[in-house]
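In: okay, sequence plus prediction incoming.
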There are 2 protein chains.
Amino acid sequence: MATIKDVAQRAGVAISTVSRILNGDPRARPETVQRVRAAAADLGYAPSALGRGLRTRSQSVWALVVADIENPLFTGATRGVEDVASAAGYSVLLGNSDEDAVKEQEYLRVAGRMRVAGMVLTPTSPRVDVTALRDSGIPVVCMDRPLGGRPPATDVVLVDTRTAAHQAVTRLVAEGARRVGCVTGARRTFTTTERVAGYTEALVDAGLPVDPDLVRYTDFRVDSARDATARLLREGVDALVVTSSLMTVGALGAVAEAGRRIGPGLRLATFDDAPWTSLLSPDIVLVSQPAYELGAEAGRMLLSRIADADQPVRSVTLTATVGSRTRSTVR
Amino acid sequence: MATIKDVAQRAGVAISTVSRILNGDPRARPETVQRVRAAAADLGYAPSALGRGLRTRSQSVWALVVADIENPLFTGATRGVEDVASAAGYSVLLGNSDEDAVKEQEYLRVAGRMRVAGMVLTPTSPRVDVTALRDSGIPVVCMDRPLGGRPPATDVVLVDTRTAAHQAVTRLVAEGARRVGCVTGARRTFTTTERVAGYTEALVDAGLPVDPDLVRYTDFRVDSARDATARLLREGVDALVVTSSLMTVGALGAVAEAGRRIGPGLRLATFDDAPWTSLLSPDIVLVSQPAYELGAEAGRMLLSRIADADQPVRSVTLTATVGSRTRSTVR
DNA sequence: CTGAAAGCGCTTACAG
DNA sequence: CTGAAAGCGCTTACAG
């Protein structure tokens, strides 16, 4: 493994000269530049991020820790973060916490030890502890879910899915639904409580009774959503709101197993436009979130926070759109 | 940001003592251990991976670069790699090359500069250049796709999807298909050529004519698969083999738009059991790959290669299973 | 049982 | 325009 020393030796210069030239110092003699460049190329030299990072106390790497890499919202957001990062000269290292607080903590630790330049995080709960990172001087921007109470403890980009859930339920009711079941994720998750709130408010606004028993909290898994939906169907609902596309897989499985189908007698609203939702009946009400923009905005916030650590904490909320599914243009 | 120096000062010992104790050196006085531990905890000290990595010339981090994070095969494999890595004390940093050779090259560079302990890679093409990494002493294990010709240039874990494709097509033919179209990915990709080979061999074995025009290569995208399928349907096929679940979204979209449906008149075989495939008709022939095991085996190979750099290059092939879709147990 | 010292691979004022 | 030197945060023989 070639080091700066090897390059210096081969080019017949001091290591400081190699460093300067490779970092584009303008006041270097063209011949020297030539020699150094050639030597570096011959040796396949790539500067060690360890040596460099240690010395400059800054890395050109971000960590991005998402709660579920299978969620199309997060794959889209990941692209947004990556594009903003790479335009600014940063690379992004991804961690998947899998909605598991232990795994998440492990990624936070690794990122801290690696002294990354910043982190974008989708916290598994509002009480995730990022003080260790912040004390290390590593800025954290949250995405999709805030940290702490109100106001949020860090910069954060959210999507207003409360309003979207309200609109979706209002639409179901306008189409004739009277008993709307809700299959949703974990209680601890911000997005869950927001969407349930929107659901409840819509029922109230429509003058319909609110039955807490029609809201089923799960662990986000396909099978849990299937079971929850099966029970709701047995107990009698004429519409379903399912708060993620993965859970919708389970919900639709339960619908099929019950011998029912989506249509005027059983309406469905679902979140996230995963590619496969393009195959669903056009009757379905679909809540689309600006996934790419969610990540891009988080990236921009991180950039801004890196540039100025002392600026006030910011909170940005993006809008989700509610519509019927259209022909997919998603990858 | 606390350093080992701060801890030493607070505990009233030398930094070498701090280092030893925090690394579990047994010959330390209990009182000293106490003091050092307390000081470290008070300061929220986490050793810098930069300092440590520079000194020991070894990192406890792997890089995993996959070609498409949306592919359920790779999300499953990622879990396998992570579990093996973390059991051995490594963390995994993920990069998504998105089937883009430029992005891939960038991740290879970053991993090299970071001096990761090893890499698991799904190369975007057999000609990806990993010599820079290998020259830096960073072992590379390939997953899903080999590098170089035969024998492969690196350790590699593959899935025998050639045989699986053969079996799937044989099954379609047994059910009555005579003109089987194939919608597949990019020509440069190993898995594409393997599956097309299996498809072709099955037709030959069944005594059916082989029409190269029935094989449509795409760029893996939903819309490309949709267009390719639409054309195949117009030209007349009575069965389809689609070599990834994402492309199957497009294929099924085209089927619906053509006013056709999957059944005895138009059979379908597809690869990868994405969660949503559980919603498909039970008639569909499904090729399931051992995703988790693919990653776990790659992780084990990397571990073994790290332990002994000079062992002969190994190539492991796992088996895919062909069946009808069953109720999903996937997350 | 613990400390002082060297050195991992870099960058950056500081001389010259 | 270039080199020598210091130092970033660690670990690890080597003394004592």
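Out: Sure thing, it's come through. Residues are numbered from 1 along each chain as shown, chains lettered A, B, ... in the order given.

In: is the residue of the stretch 151-300 of chain A found nearest DNA strand C in a helix, a strand, or coil?
Out: In the stretch 151-300 of chain A, no residue comes nearer to DNA strand C than residue A:299, which is 23.8 Å away by CB to the nearest atom of the strand. C-betas here are computed from N, CA, C, even on glycine. The assignment at residue A:299 comes out as helix when based on DSSP: H, G, I helix; E, B strand; the rest coil.

In: ok, it to residue A:108 distance?
Out: In this structure, residue A:299 and residue A:108 are separated by 19 Å, where distance is defined by CB to CB, to the nearest Å.

In: for residue A:93, same thing?
Out: Residue A:93 sits 13 Å away from residue A:108, going by CB to CB.

In: do residue A:60 as well
Out: If you measure residue A:60 against residue A:108 using CB to CB, the figure is 20 Å.

In: for those two, work out which one has more neighbours and name it.
Out: Counted by other CB atoms under 10 Å in any protein chain shown, residue A:60 and residue A:108 do not tie: residue A:108 has more neighbours, with 24 against 17.

In: OK, contacts around the closest residue to that one other than its chain neighbours?
Out: In space, and not counting its chain neighbours, residue A:108 is closest to residue A:133: 6.2 Å by CB to CB, 6 or more residues apart in numbering or on different chains. Residues touching residue A:133, when contacts are defined by CB atoms under 8 Å, 6 or more residues apart in numbering or on different chains, comprise A:108, A:111-112, A:119, A:140.

In: next one: residue A:14
Out: For residue A:14, the residues meeting the contact criterion (CB under 8 Å, 6+ apart) are residue A:8.

In: how close does it sit to chain B?
Out: 20 Å (CB to the nearest CB, to the nearest Å).

In: ok so, going back, what sits in contact with each of residue A:93 and residue A:108?
Out: Looking at what touches both residue A:93 and residue A:108 (by CB under 8 Å, 6+ apart), there is no common residue.

In: for the nearest residue to the residue of the stretch 151-300 of chain A closest to DNA strand C once chain neighbours are set aside, give me the pLDDT.
Out: Setting aside the residues directly before and after it, residue A:299 is nearest to residue A:84 in space (CB to CB, 6+ apart), at 3.0 Å. Each residue has a pLDDT score; the one for residue A:84 is 96.

In: what about residue A:84, neighbour count?
Out: The local packing count at residue A:84 equals 22, with neighbours defined by other CB under 10 Å.

In: quick one: residues contacting it.
Out: The contact partners of residue A:84, by CB under 8 Å, 6+ apart, come to A:295-296, A:299-300, A:303.

In: on that earlier part again, which positions in the host helix or strand of the residue nearest to residue A:108 come out as buried?
Out: Residue A:133 is located in helix A:131-135, with elements delineated by DSSP states H and E. Residues of helix A:131-135 classed as buried under the neighbour-count rule (16 or more other CB atoms under 10 Å in any protein chain shown) are A:133-134.

In: residues in contact with the very next helix or strand once past it?
Out: Where DSSP H and E defines the elements, the next helix or strand beyond helix A:131-135 is strand A:140-143. The contact list for strand A:140-143 (CB under 8 Å, 6+ apart) reads A:66, A:77, A:81, A:118-123, A:130, A:133-134, A:147, A:152, A:154-157, A:294-295, A:298, A:301-302, A:305.

In: now do stretch A:26-38
Out: Applying CB under 8 Å, 6+ apart, the external contacts of stretch A:26-38 come out as A:7, A:11-13, A:17-18, A:20-22.

In: if you set the cut-off to 10 Å instead, what comes out?
Out: A:7-8, A:10-13, A:17-22, A:24-25, A:45 (CB atoms under 10 Å, 6 or more residues apart in numbering or on different chains).

In: distance check, residue A:251 against residue A:76.
Out: From residue A:251 over to residue A:76 the distance is 22 Å, taken as CB to CB.

In: with residue A:90 instead?
Out: Residue A:90 sits at a distance of 19 Å from residue A:76 (criterion: CB to CB).

In: how about residue A:290?
Out: With CB to CB as the criterion, residue A:290 and residue A:76 are 8 Å apart.

In: which one of those two has more residues nearby?
Out: Between residue A:290 and residue A:76, residue A:76 has the larger neighbour count (other CB under 10 Å), namely 22 against 19.

In: for the stretch 101-250 of chain A, what spans make up the helices?
Out: If you assign secondary structure with DSSP state H, counting those that start in this stretch, the helices in the stretch 101-250 of chain A sit at A:101-113, A:131-135, A:161-174, A:190-205, A:222-235, A:245-257.

In: can you name the residue of the stretch 51-200 of chain A nearest to DNA strand D?
Out: When distances are taken as CB to the nearest atom of the strand, the stretch 51-200 of chain A reaches nearest to DNA strand D at residue A:55, 3.5 Å away.

In: in which helix or strand does that residue reside?
Out: Following DSSP H and E, one finds residue A:55 within helix A:49-56.

In: within range of chain B, give me the residues from the stretch 151-300 of chain A.
Out: Among all residues of the stretch 151-300 of chain A, those adjacent to chain B (criterion: CB under 10 Å from any CB of the partner chain) are A:219-224, A:226, A:245-250, A:252-253, A:255-257, A:274-280.

In: list the contacts of residue A:226.
Out: Contact criterion CB under 10 Å, 6+ apart gives A:183, A:218, A:247, A:249-255, A:257, B:278, B:327-328 as the residues in contact with residue A:226.

In: ok, it to residue B:76 distance?
Out: Distance from residue A:226 to residue B:76, counting by CB to CB: 20 Å.

In: now do residue A:79
Out: Computed with CB to CB, the distance linking residue A:79 and residue B:76 is 21 Å.

In: which of the contacts of residue A:226 sits closest to DNA strand D?
Out: Compare each of the contacts of residue A:226 with DNA strand D using CB to the nearest atom of the strand and the shortest gap goes to residue A:218, at 41.7 Å.

In: who touches the closest one in this structure?
Out: Residue A:218 sits next to A:183-187, A:192, A:224-229, A:242-244, A:247, A:250 when contact means CB under 10 Å, 6+ apart.

In: tell me if I'm right that residue A:317 and residue A:156 touch.
Out: Yes: if you go by CB atoms under 10 Å, residue A:317 and residue A:156 touch, sitting 9.0 Å apart.

In: so for those two, which sits in the more crowded spot?
Out: Looking at residue A:317 and residue A:156 with other CB under 10 Å, you find the greater number of neighbours at residue A:156, namely 27 against 13.

In: beta partners for the more buried one?
Out: For residue A:156, the beta-bridge partners are residue A:142, residue A:315 (DSSP bridges).

In: that one is in contact with residue A:145, isn't it?
Out: Yes: in this structure, residue A:156 sits in contact with residue A:145. The criterion is CB under 10 Å, and the distance is 7.8 Å.

In: show me the shaky parts of chain A.
Out: Within chain A, the stretches with pLDDT under 70 are A:325-331.

In: shouldn't residue A:283 be within a helix?
Out: No: note on residue A:283: no helix contains this position according to three-state DSSP, which reports coil.

In: look up how far chain B lies from it.
Out: If you go by CB to the nearest CB, the gap between residue A:283 and chain B works out to 14 Å.

In: now look at the helix holding residue A:55 and say if it contacts DNA strand C.
Out: Yes: using CB under 7 Å from any atom of the strand, helix A:49-56 reaches DNA strand C at A:50-52, A:54-56.

In: packing partners of the next helix or strand after that helix?
Out: Going down the chain from helix A:49-56, the next helix or strand is strand A:61-66, by DSSP H and E. Based on contacts counted as 3 or more CB pairs under 10 Å, 6 or more residues apart in numbering or on different chains; DSSP states H and E, the elements that strand A:61-66 packs against are helix A:72-87, strand A:91-96, helix A:101-113, strand A:118-121, strand A:140-143, helix A:291-307, strand B:91-96.

In: which one, of those, ends up nearest to residue A:211?
Out: Evaluated with CB to CB, the helices and strands packed on strand A:61-66 place helix A:72-87 nearest to residue A:211, the distance being 28.5 Å.

In: in contact with residue A:187, which residues are there?
Out: Taking CB under 10 Å, 6+ apart, we find residue A:187 in contact with A:125, A:193, A:196, A:215, A:217-218.

In: that'll do, ta.
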